[in-house]
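K.L.:
build me a structure from this.
(chains A and B)
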Amino acid sequence: RKEVEQDPGPFNVPEGATVAFNCTYSNSASQSFFWYRQDCRKEPKLLMSVYSSGNEDGRFTAQLNRASQYISLLIRDSKLSDSATYLCVVNVGNNNDMRFGAGTRLTVKP
Amino acid sequence: DAGITQSPRHKVTETGTPVTLRCHQTENHRYMYWYRQDPGHGLRLIHYSYGVKDTDKGEVSDGYSVSRSKTEDFLLTLESATSSQTSVYFCAIRGGQDNEKLFFGSGTQLSVL
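P.N.:
Residues are numbered from 1 along each chain as shown, chains lettered A, B, ... in the order given. This next block holds a predicted model:
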């Protein structure tokens, strides 16, 4: 079983839709969680950290469920510019061993 | 901008040849990382460094070596490249206010024929 698993998608949604991605992790001791965004042929860029109490940044909401060992990302009012691959990242043991999910591809259509 | 530069950006080489990729940072970060990204696998850690001459293995270190002789440079070497090492290689530093976040260079596309 992979340390971090994501639904690869693709998710194809119309502009204005709400879309949610989940990411499960296997190490119950993990403490650091992040969502990254990666555009085609570009480097991953930090979207947001995920905090225990959940956190919001504009149209984006991240949540952590420790009991079920998953994190989620909710995007409200999707824009065409949200089209990208979203990667979840979880540390396994220490912050030098950050494991990436394979990514979930999102396409927002007019 | 985390001040990370990778070189070369693209490289095509033949099986069995040595290849060195360079990562240069300008902001004196202690931790540096090399990842590879392949379809279906996401990013996988190859090696990382926690200081000058201090390095350790990651998840997929076989066939790779690294060196860090000065804070700003982290080199990844494929001693004898194989076709399975065709990939996109990303360098990263760890930074941010809490020193937890990874920031990536623009990547190197390596093709081993």
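
K.L.:
where does pLDDT dip in the chain?
P.N.:
Just so you know, I chose chain A. A:95 (pLDDT under 70).

K.L.:
please go with chain B instead
P.N.:
B:1-2.

K.L.:
if we use 80, what do you get?
P.N.:
For chain B, the stretches with pLDDT under 80 are B:1-2, B:40, B:96-99.

K.L.:
so what's residue 17 up against?
P.N.:
Using chain A. Neighbour list for residue A:17: A:78, A:108 [criterion: C-beta atoms under 8 Å, 6 or more residues apart in numbering or on different chains]. Yep, even glycine has a C-beta here, placed from its N, CA and C like the rest.

K.L.:
oops, I was thinking of chain B
P.N.:
Counting by C-beta under 8 Å, 6+ apart, residue B:17 has contacts B:80, B:81.

K.L.:
same thing but 6 Å
P.N.:
Taking C-beta atoms under 6 Å, 6 or more residues apart in numbering or on different chains, we find residue B:17 in contact with residue B:81.

K.L.:
ditto for the one 5 residues further on
P.N.:
When contacts are counted by C-beta under 6 Å, 6+ apart, residue B:22 touches B:7, B:75.

K.L.:
which residues of chain A fall in strands?
P.N.:
Under the criterion DSSP state E, chain A contains strands at A:4-6, A:11-14, A:19-25, A:33-38, A:45-49, A:55-57, A:60-65, A:70-75, A:84-92, A:94-100, A:104-109.

K.L.:
chain B is nearest to which of those strands?
P.N.:
Distance to chain B, taken as C-beta to the nearest C-beta, is lowest for strand A:94-100 among the strands of chain A, at 4.0 Å.

K.L.:
could you redo the strands of chain A as JSON lines and give each row distance to chain B and mean neighbour count?
P.N.:
Output for the strands of chain A, formatted as JSON lines (distance: least, C-beta to the nearest C-beta, whole Å; neighbours: other C-beta atoms under 10 Å in any protein chain shown):
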{"stretch": "strand A:4-6", "distance to chain B": "8", "mean neighbour count": "21"}
{"stretch": "strand A:11-14", "distance to chain B": "17", "mean neighbour count": "14"}
{"stretch": "strand A:19-25", "distance to chain B": "11", "mean neighbour count": "19"}
{"stretch": "strand A:33-38", "distance to chain B": "7", "mean neighbour count": "22"}
{"stretch": "strand A:45-49", "distance to chain B": "5", "mean neighbour count": "17"}
{"stretch": "strand A:55-57", "distance to chain B": "14", "mean neighbour count": "12"}
{"stretch": "strand A:60-65", "distance to chain B": "14", "mean neighbour count": "18"}
{"stretch": "strand A:70-75", "distance to chain B": "15", "mean neighbour count": "20"}
{"stretch": "strand A:84-92", "distance to chain B": "6", "mean neighbour count": "24"}
{"stretch": "strand A:94-100", "distance to chain B": "4", "mean neighbour count": "19"}
{"stretch": "strand A:104-109", "distance to chain B": "11", "mean neighbour count": "18"}
